[in-house]
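**Student:** Attaching a predicted model along with its sequence, questions to come.
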Amino acid sequence: MDQNQPAGENYANPKTCFFHVLFKAAALAFYILSALFFDSFVIIFVVTVVLAALDFWVVKNVSGRILVGLRWWNEINEQGESVWKFECLDQESLARMNKKDSWLFWWTIYLNAVAWIFLGIFSIIRFEPDYVLVVGVCLSLSIANIVGFTRCRKVMLAKWLDVLI
């Protein structure tokens, strides 16, 4: 980033932002436009779910770390219980995060879920249960990232409040 420009004027990580949006847009666009080009539900299902899975992976493992400084994962402990794990950058590093990058990250993960919900409603209205399945898988992946990153952010904020008190 050019040091002569005011902080926050541009995206600090334009390539990461591009890929953060790319797979969301690709999955949604393919799902919406696929009926024009393919008669096979299997092709539509597989390609849409693969694109949504790529989006899930990119958000969880790349853009979440770079754009908002957060990371989450889930483990099964020895008792067989699900345990959420969270990591975040220190306060000083997070304070230097680019506001536009952060804004793009949070808005796109929420808008992506909203888009899948609308597509699910349309599939139900059109009586297309097969397509509800596709939307359900894609929406599940989207919601998993929303829940993971929202919990991570809440844990981070709670830790900061403990430090301040």
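**Tutor:** Right, received. Where do you want to start? Numbers count the residues shown, from 1 in each chain.
**Student:** can we go C-alpha only for contacts and neighbour counts from here?
**Tutor:** Fine.
**Student:** I'd assumed E87 was in contact with W73.
**Tutor:** No: assessed by Cα atoms under 8 Å, W73 is found out of contact with E87, at 9.0 Å.
**Student:** which helices and strands sit right next to the strand or helix carrying L104?
**Tutor:** L104 is part of helix 99-125 when elements are defined by DSSP states H and E. With contacts defined as 3 or more Cα pairs under 8 Å, 6 or more residues apart in numbering; DSSP states H and E, the packing partners of helix 99-125 are helix 14-37, helix 64-68, helix 129-164.
**Student:** Out of those, which one sits most buried?
**Tutor:** helix 64-68 (a mean of 22; mean count of other Cα atoms under 10 Å).
**Student:** counting contacts, what elements does it pack onto?
**Tutor:** When contacts are defined as 3+ Cα pairs under 8 Å, 6+ apart, helix 64-68 sits against helix 14-37, strand 70-76, helix 99-125.
**Student:** re the thing from before, pull out the buried residues from the helix holding L104.
**Tutor:** For helix 99-125, the buried set under the neighbour-count rule, 16 or more other Cα atoms under 10 Å, comprises 99-102, 104-106, 109, 112-113, 116-117, 119-120, 123.
**Student:** so which of those comes closest to V49?
**Tutor:** Within these, proximity to V49 (Cα to Cα) peaks at W116, which comes in at 12.2 Å.
**Student:** Alright, calling it a day.
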